[in-house]
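K.L.:
need coordinates for the following:
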Amino acid sequence: MFFYHRSLIRKMIHGANLTVLLAGISHAAPTGVDGDNDELDVVASFQDIETVEVTALATKPNKQTGSVLALSKPQISFLQPNSLADVFQLVPSANVRVNSRGETLVSLRGAGERQLAVFFDGVPINVPWDNRFDLRLVPSLVIGNVNVSTGPTAAGFGINTAGGIIEIEPDTSGNSEVLLEGGRGEQWAAEVKTSFVSGNFRTTVAIGHAETDGLAAPGGEVSVFSAIGSSLITNTDRDQNNFLLRTTSQGDNSKLGLSVLYSKAAFGVAPEQGPRVDAAGARYWRFPDTEHMLVSGNYQAALNDSIDVEAASWYQSFDQQINSFEDAAYSALEDTLQDKNSALGGRVQLGYQDEFQHVTLTATSQWASHKQQEFEPQATSRPVDGFSQFSASIGADYNLQLSSTASLSFGTSYDVLDPRKTAGRGRGKKFDGLNASFELQLATSDRWLLRLAAARKVRLPTLRELFGEAIGRFVINPDLMPETSWLFEMAAGYRTGSGSFDIIPFWVETSQTLDQTRVLVDGRSMRKRVNLPGSRTYGIEARMQWQANDALSFSADATWSKSRARTESVAISVRRLYLSDRPNWLAQVAAKYQVGVRTTFGLSVVHRGAAKSEGDAGLFLDLSAATLANIVLSHKIKLAQNGFDMELFARLDNLTDTFVEPQLGLPSEGRSFKLGLKAVF
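P.N.:
Next comes the predicted model:
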């Protein structure tokens, strides 16, 4: 994680003070420096890059249970990210990988991607058909702050949160920005954002375009993962347009907001390659048209000094076309799949707060549909398969301030998923589950704070897992069961004036784990979703930061974890011993140094531990550990003065061109770099 820093004391409800500690206890951002002094402005900008953690008993206790990492826009901007995926360089225990469908996904503490809930401007954006979201569809220009929650989170977020929660706040800072950048692989991007105020309305509009010929292959032109005569990973070109509109109206006791997020992309998917992969089983896919749109509205009002209400509604569409080819030449089209997804949902939240307690009641519901057409190039008839589902969650969270040094939180929720249409692939049964969470915080001194938390979380199957065939690669299984996880977490944090240290042991016990296996159908190897008897993940997360002086800071984090599946019989015990693509170590050490008032230099060394990945024959193969280095450099051409700032930056990733394989046959990008110019006014 790049740079998170500082211990602060946050006032608790009506004057009760609790020492702020990391590991999901409570933090606040450092105050910036205003004025015309150039040196002070630059130093303030440097300090704002610190990572801040927020958790229980902040402004909304029901949304702060668990370990919550709050990343501010200055921190994120220092990385010069291309999309939301790059932001997770700042997050401990985050495992980012690109799967065989070309989706960039993240998992936290060894959890599955479908256990993770992603929110944009307060509304869920996971595509209901698969309950996942491609992180590259959220471009950097629309990102303001990002909160990442892990462990036993609160009940008010709705269904499928056992693996954590990501909250993305759109950038409504009021600044206008222009960004131009280019890099290896003929990568270039242009982004423009502007904000304006009219009466009580504040509006932000952002538009951007990005494209690249492909990702750099590890090893360059001689790499087995690149096309002949190329230094880029096969079929990884991308072209994407993005748009954001966000407008808010602020009243005396209320706030009304409207957001529109839109992206349109065309891209290729890297095929599974390498000496350990059977090319006959690889996906040779291209996505010539992918569109995502989210329209959301939200309303907040204080009914009196103790009661507030929030309401949100949203419409989301996600459409894509998948072209499947015979081989890596991408010239002979085999099949085409066209998907159309839509979702309509709403949430109402009622909160009560007095001097010692906070109660929140939340109700969420969503209707979603999925339509697909699968056909060969010469097909004259294109039947449409239609699916639909209804999901709902109702929950309550309660927080009690026991004393000036102790607080107690607990919550419960009930989730329902009801498949309505299944395209004639079996009767869809209704799924439901009960969730519960508990957390106790105790400040033992002005430097130490302890936390104990536990939760029961249910993850409901998706329609894709139940009925999806993925262009003939999967056998459907409508008899899947929900998986149930018991989460346990302890946290201890210690603070000094210049640094901090946090340690967080965690344990997750899951029954009916949703996974996949390989089966033979008419002599052909296919995949099938199944419920394993269960699985277990346990580990320990440690975080450290130190501000050596005004110009130099260090941070480090390391997560060791072990994930294993429970087995039913000796016959499958070897095969099902592992869960795929869970590295045993995720660690990073970072340093940042400011040279004078204009230049800032950042260096991070990242380690990804060994893992197991399921191969073509259904056996688990080793993924080797890897360590790589990244560099970020920024230089102020124009110091912040009179509301105008101009910055030249450079970013170099994977300096040593290290081979990193998060998933079998799908390596991460090799050595890459980009240069850019950013103006803020």
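K.L.:
run through the bridge partners of Lys562.
P.N.:
Listed by DSSP bridges, the beta-bridge partners for Lys562 are Tyr538.
K.L.:
got a list of what it touches?
P.N.:
The contact partners of Lys562, by C-beta atoms under 8 Å, 6 or more residues apart in numbering, come to 537-539, 584. C-betas here are computed from N, CA, C, even on glycine.
K.L.:
you'd agree Glu465 is up against Pro478?
P.N.:
No - Glu465 is beyond contact range of Pro478, at 9.7 Å (criterion: C-beta atoms under 8 Å).
K.L.:
comparing these two, which residue is more hemmed in?
P.N.:
Of the pair Glu465 and Pro478, Glu465 is the one with more neighbours under other C-beta atoms under 10 Å, namely 22 against 17.
K.L.:
contacts only, for the closest residue to that one other than its chain neighbours.
P.N.:
Leaving aside its chain neighbours, Glu465 sits nearest to Arg529 (4.6 Å; criterion: C-beta to C-beta, 6 or more residues apart in numbering). Counting by C-beta under 8 Å, 6+ apart, Arg529 makes contact with 461, 465-466, 474, 477, 480, 514-516.
K.L.:
try it again at 10 Å.
P.N.:
By C-beta atoms under 10 Å, 6 or more residues apart in numbering, the contact list for Arg529 reads 461-462, 464-468, 474-480, 514-517.
K.L.:
now do Arg109
P.N.:
67, 92-95, 150-151, 163-164, 487, 489, 504, 506, 508, 537-539, 541, 559, 561, 563, 582, 586.
K.L.:
check the residue nearest to Glu465 and give its pLDDT.
P.N.:
We have a pLDDT of 87 for Arg529.
K.L.:
please identify the helix or strand for it.
P.N.:
Taking DSSP states H and E as the criterion, Arg529 maps to strand 524-531.
K.L.:
would you mark the buried spots in that strand?
P.N.:
Buried positions in strand 524-531, judged by neighbour count with 16 or more other C-beta atoms under 10 Å: 526-527, 529-531.
K.L.:
just to be sure, Gly110 is in a strand?
P.N.:
No - assigned with DSSP: H, G, I helix; E, B strand; the rest coil, Gly110 falls outside any strand and is coil.
K.L.:
neighbours around it, how many?
P.N.:
26.
K.L.:
could you measure from it over to Ser580?
P.N.:
To Ser580, Gly110 is 11 Å away according to C-beta to C-beta, to the nearest Å.
K.L.:
where do the helices of the stretch 351-500 of the chain begin and end?
P.N.:
Listed in chain order, the helices of the stretch 351-500 of the chain (DSSP state H, counting those that start in this stretch) span 463-467.
K.L.:
what residues are shared contacts of Gly110 and Ser580?
P.N.:
563, 611.
K.L.:
coming back round to it: and the strand holding Arg529, which strands flank it?
P.N.:
Here strand 524-531 is paired, per DSSP bridges, with strand 474-475 (parallel), strand 514-521 (antiparallel).
K.L.:
what ranges do the helices span in this protein?
P.N.:
38-47, 73-78, 84-87, 463-467, 570-573 (DSSP state H).
K.L.:
which of those helices has the lowest average pLDDT?
P.N.:
Note on the helices of the chain: lowest mean pLDDT is at helix 38-47, with a mean of 35.
K.L.:
how far away is Gly151 from Ile165?
P.N.:
Applying C-beta to C-beta, the value for Gly151 to Ile165 is 10 Å.
K.L.:
identify the contacts common to the two.
P.N.:
66, 68, 108.
K.L.:
check the gap between the first one and Ile165 for me.
P.N.:
Between Gly66 and Ile165 the computed distance is 8 Å (C-beta to C-beta).
K.L.:
could you do Pro505 as well?
P.N.:
Applying C-beta to C-beta, the value for Pro505 to Ile165 is 21 Å.
K.L.:
neighbour-wise, which of these two wins?
P.N.:
Taking neighbours as other C-beta under 10 Å, Pro505 and Ile165 compare with Ile165 leading, 22 against 14.
K.L.:
if anything else comes up later, I'll come back, but that's it for now.
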